[in-house]
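>>> Following is a predicted model, sequence given first.
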Amino acid sequence: MAYNSTKRKEIIEKLSSQHFDILIIGGGITGAGIALDAVIRGFTVALVEMQDFAAGTSSRSTKLVHGGLRYLKNFELDIVRETGLERAVAYRNAPHLVRPEKMLLPLTKDGSYGKWSTSFGLWLYDILAGVKGLDKRKMLNRKQTLEKEPLLRDEEITGSGYYAEYRTDDARLTIEVLKTATEKGATALNYLKVDELTYESDQVSGANIIDVMTNEKLSIQADYIVNATGPWVDLIRAQDISLNEKRIHLTKGVHLVVDHEKLPIGQSIYFDVSDGRMIFAIPREGKTYIGTTDTNYNGDKTNPKVTKQDVDYLLKAVNNMFPSITLQMKDVESSWAGLRPLIHEEGKDPSEISRGDEVFESDSGLITIAGGKLTGYRLMAKKVLRLICDRKGITRKCKTRRTRLVGGFQKPKELPIYLKEVEGKLKEAHFDISKAFYLVHRYGKQTDQILQIYKENDFTHLVQAEAYFTIQHEGVVCLEDFFVRRTSKLLFDIGHVMEEAEQLMPVFEELLGWDKDRAEEETTKMKRLLNELTSFE
Ligand code: FAD
């Protein structure tokens, strides 16, 4: 059953009345990936998420589907190879959400990367990740590098590496993976929090759950319980009394968004900072975003904050690499902070801890998956499903390698043709045709459904049809869900958010029954959020 927010009651009824093969706790990319793999293998699947889908780390990453060049530096070759190969799989299955992106790695006189080691490293990176043809890395000399990116610190540049990565929209990727799972029969719902695990003969057999929207209680029963709660995995393990020496180590990573005119780079750049860390600057939709930091974290997991210190660090790094740029705190239009759920390694600094993943099984049978990356979600799911199949003594093959995500295309080359079609339709309806790119790279082929909704309703703005679609098909229950995790407008188009929020009120009124008080409450919440994104302590 798909997660239509107007049908929450029915979905909850289904969740509490059926006995499932697998209950997944956590609606980030890890949980979503497991749900998809499991349902395709023929298991009955329930998934619950205590916030909105992807509201944890899975909407707060650098938004790259990448092999992780930095792991090469740490000689984590397995992660580089696995995730490197996964990039092509993710692209093939969802070309609207995962797009090739060239990355420039500048080499500087006092930087930590030498010419030969970078050339070798990128060559190995390409080999491990199976990169072919024109996408293979190129080494550029000083002149070529400065032609490509004139803003770089001229006197320090000695050359650069130019190589292939992929970019994505992390929250939308999570949501489309989950939608694909629900389309195939999984039952998933957001704003359902696991309050406690339940047991039969010392074996975990389900969970008592609170509907965060209504405070009502329900319970779900399943043969296998999977803890895919990212930064929260140890809380669930503690409930299960199975916390051992293997623990989660949280580090915080911050990103800042400035107008592209303030940092008008021509392509994505991955540069090193004097403390040995690496930072991305990525142009996107008229903005440039910069990140990330990597600091130990022990605070509130739900709402990690960007501090003044984080902002100073990133702005200093950028201003140093691009000397004609003098970014100041007031230039920051938006920001986000995310928590990396890493597996603790004694004595290691945040940046040195492995980004690998691990599956833990407790005596009660609770399966926990921790660590990992957005990029490797499919392989993480495979590990969990292999374990479940082993426990059941059955063989069921993983088929997600060739599973197109909802909205995807048979072949990536169909995307530009479809984009042209959508441009034609928008022109006919007297809309700005640049919206085609926006819509197709968020919803893929589901753009047709949004245009159809617009036609069939008495709407005055396209964004109303978009919200209508996301309430009915993507579990949106409030403005924040829509503006942060379905459209990322709160990150990359913050200037239009309040005006559009106003336009959306009739849609929320019609579909979710909002009255004047609820609408006012939501407007106040959005204003507070907007303020939080640019005020740093
Ligand atoms: P989450 O996304 O946090 O999902 C766990 C979910 O469980 C949460 O939504 C939470 O609300 C829910 N939950 C918790 N407790 C309960 C409960 N009791 N009941 C119900 N639900 C519950 N990876 C890449 O591949 N590329 C990148 O560019 C990249 N950049 C990154 C940059 C930063 C700054 C960070 C922090 C990470 C980055 N990563 C990147 C890593 C990647 O984002 C994470 O590995 C991934 O998102 C983790 O997903 P998850 O599903 O395990 O956790």
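Right, received. Where do you want to start? What you see is a predicted model, and the numbers here were worked out from it, not measured in a lab.
>>> and the nearest residue to Lys445 once chain neighbours are set aside, how many residues sit next to it?
Among residues not flanking Lys445 along the chain, Gly407 sits closest, at 5.3 Å (Cβ to Cβ, 6 or more residues apart in numbering). From N, CA and C alone the C-beta is placed, and that goes for glycine too. A total of 22 residues lie near Gly407 under the criterion other Cβ atoms under 10 Å.
>>> what does Ile265 give?
Count around Ile265 with other Cβ under 10 Å applied: 21.
>>> give the contact list for it.
Listed by Cβ atoms under 8 Å, 6 or more residues apart in numbering, the contact partners of Ile265 are 149, 151, 281, 283, 288, 322.
>>> at 10 Å what do you get?
By Cβ atoms under 10 Å, 6 or more residues apart in numbering, the contact set of Ile265 is 104, 148-152, 281-283, 288, 290, 318, 322, 325.
>>> would you list every one of the strands in the stretch 301-450 of the chain?
332-343, 357-361, 367-371 (DSSP state E, counting those that start in this stretch).
>>> Could you do the stretch 101-250 of the chain as well?
Secondary structure of the stretch 101-250 of the chain (DSSP E, counting those that start in this stretch): strands located at 138-141, 157-168, 187-189, 192-200, 203-211, 217-227, 248-259.
>>> Hmm, Leu342 and Gly372 touching each other?
Yes. Gly372 is within contact range of Leu342, at 9.3 Å (criterion: Cβ atoms under 10 Å).
>>> related to what we said a few turns ago, kindly state which of the strands of the stretch 301-450 of the chain is positioned closest to Phe483.
strand 332-343 (10.9 Å; Cβ to Cβ).
>>> What helices and strands are in contact with the closest one?
helix 233-239, strand 248-259, strand 287-291, helix 308-321, strand 357-361, strand 367-371, helix 489-492 (3 or more Cβ pairs under 10 Å, 6 or more residues apart in numbering; DSSP states H and E).
>>> okay, the helix or strand where Met505 lies in CSV with CA atoms only?
Using DSSP states H and E, Met505 sits in helix 497-512. Only the C-alpha atoms of helix 497-512 are listed here, as CSV (Å, rounded to 0.1, in the frame of the first residue of the first chain):
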residue,chain,number,x,y,z
VAL,A,497,9.2,29.6,0.0
MET,A,498,6.9,31.9,1.9
GLU,A,499,5.1,33.1,-1.2
GLU,A,500,4.6,29.5,-2.3
ALA,A,501,3.6,28.4,1.2
GLU,A,502,0.7,30.8,0.9
GLN,A,503,-0.3,29.3,-2.5
LEU,A,504,-0.3,25.8,-1.0
MET,A,505,-2.8,26.4,1.8
PRO,A,506,-5.9,25.6,-0.3
VAL,A,507,-4.3,22.2,-1.3
PHE,A,508,-3.6,21.3,2.3
GLU,A,509,-7.1,22.4,3.3
GLU,A,510,-8.7,20.3,0.6
LEU,A,511,-6.7,17.1,1.1
LEU,A,512,-5.7,17.2,4.7
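>>> Check which residues of stretch 489-507 are buried.
489-494, 497, 500-501, 503-507 (16 or more other Cβ atoms under 10 Å).
>>> The ligand contacts on the stretch 101-250 of the chain?
Within the stretch 101-250 of the chain, the positions near the ligand by Cβ under 6 Å from any ligand atom are 193-194, 228-232.
>>> Good, we can wrap up now.
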